[in-house]
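> got a sequence here, can you model it:
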Amino acid sequence: MSTRIAFLKGHGTENDFVIIPDPENVIDLPPAAVAALCDRRAGIGGDGLLHVVRSAAHPEARAMAAEAEWFMDYRNGDGSVAEMCGNGVRVFAHYLQRAGHVAEGDITVATRGGVKTVHIAKEGDITVGMGKALLPEGDVTVSVGDRSWPARNVNMGNPHAVAFVEDLDHAGDLYTAPPFSPASAYPDGVNVEFVVDRGLRHVALRVHERGSGETRSCGTGACAVAVAAARRDGADPAVTGTPATYTVDVPGGRLVITERPDGEIEMTGPAVIVAEGEIDAGWLETATP
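As a prediction, this is how the structure comes out:
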C-alpha cells in the first residue's frame, strides 16, 4: 500500500462521506479502517465512506460492469457494508464528474442495491433514479422510551421503518437504534424514520441510520418516507397514473422525491465536495486494531 492515500470529503444535504478513489480496487479497507476514517474526533469524520471502484475490478460488481463502469462500494460509519445510500450516490456522481470520469447528463452507477441511473445537471442539483419501493406485508412497531408507533415497512434496496409522529422531538436522541417489533421484520437491522407533516405533500423527518446513528439526511429514507406518506394520503401512482411528488425536509436540507406511475422513484437534491487531501497510511495501520 502507498504511504499516502488520496481522499475527498463531501456531503449531500449534510449526510457526509469520506471518499476514497480506488479505481483498480487495490486499497484494503477492512471495517476497522473504515470506522477509523469516519471517526469524527480521531479520523476524518463521516456518516459513511464512498469507495470509488471500477465495477470490473470488484467481485461484487463485475456482473454489472456492462451496465455501469463505476461501483459505489458503500460502507456505514461503523465499517459495516450497506446496500445503498441515496445521498451517497449523488456525491459519488459529483465526484466522478469532478474527476473527469463522466460528463454532465445521464450516467449509471453500480451499487449493491442494483444499477442506479443518475442525471447530472449542468448547474445545480443531481437526480438519482432510486428504483422501486417494496412494501412488505405485516405490522411493524417502533419505540422510543415509553412511546410506540405503528410503522410502514418500506424497502428501497435497504430496509426502512417509517413512523408518523406528532413532534420530531419524540424520536429522542437517536444515538442508539430505536427498538422495533417483530424482530423477524428486520433480521439485519433497519433505518428508522420519524416523520411530521409540514404542509400539502410536504413532510419533515429525523432518521436513525443503521450502523451510523442519527444523520443529517438519508436519501433512501426520504424516498421511503415519500412512499409511506403517499400511501397514507391515498396516493398510488400505479393506480392513478399520476406522479406523486413530495418535498422532504431533512435536518441538513431539502430533497424532492417523485414516484412515477411505473413505480420508479426519483430523488433530486444537492451534492457538495468540500475538501481533498491525503491520508497517512501509517496512521491508518496504527488506528486499525
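> use CA for all of it now, contacts and neighbours both
OK.
> tell me where the stretch 1-150 of the chain has strands.
With DSSP state E, counting those that start in this stretch as the criterion, the stretch 1-150 of the chain has strands at 4-12, 15-21, 48-54, 70-76, 105-111, 114-120, 126-132, 140-144, 147-155.
> quick one: list the elements packing against the helix or strand of the chain with the lowest mean pLDDT.
Lowest by mean pLDDT, DSSP states H and E among the helices and strands of the chain is helix 281-287, with a mean of 87. Applying 3 or more Cα pairs under 8 Å, 6 or more residues apart in numbering; DSSP states H and E, one finds that helix 281-287 contacts helix 31-38.
> which one of the strands of the stretch 1-150 of the chain lies nearest to N87?
strand 4-12 (5.2 Å; Cα to Cα).
> and that closest one with strand 48-54, angle?
Angle of strand 4-12 versus strand 48-54, following axes from the mean of the first three to the mean of the last three Cα atoms, to 10 degrees, is 120 degrees.
> in the protein, which spans are helices?
31-38, 86-98, 219-232, 237-240, 281-287 (DSSP state H).
> in JSON lines: these, plus mean neighbour count.
Formatted as JSON lines, the helices of the chain follow (neighbours: other Cα atoms under 10 Å):
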{"stretch": "helix 31-38", "mean neighbour count": "23"}
{"stretch": "helix 86-98", "mean neighbour count": "24"}
{"stretch": "helix 219-232", "mean neighbour count": "25"}
{"stretch": "helix 237-240", "mean neighbour count": "14"}
{"stretch": "helix 281-287", "mean neighbour count": "14"}
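> returning to what we had before: export the strands of the stretch 1-150 of the chain to a markdown table and tack on mean pLDDT and mean neighbour count?
Listed next are these as a markdown table, based on pLDDT from 0 to 100; neighbours: other Cα atoms under 10 Å:
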| stretch | mean pLDDT | mean neighbour count |
| --- | --- | --- |
| strand 4-12 | 96 | 20 |
| strand 15-21 | 97 | 25 |
| strand 48-54 | 98 | 25 |
| strand 70-76 | 97 | 26 |
| strand 105-111 | 97 | 20 |
| strand 114-120 | 95 | 19 |
| strand 126-132 | 95 | 22 |
| strand 140-144 | 97 | 19 |
| strand 147-155 | 98 | 20 |
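> with distance to V207 added, can I get these in TSV?
Listed next are those as TSV, based on distance: least, Cα to Cα, whole Å:
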stretch	distance to V207
strand 4-12	15
strand 15-21	11
strand 48-54	15
strand 70-76	14
strand 105-111	22
strand 114-120	23
strand 126-132	18
strand 140-144	12
strand 147-155	13
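> closest to A287 out of the ones you listed?
strand 4-12 (14.5 Å).
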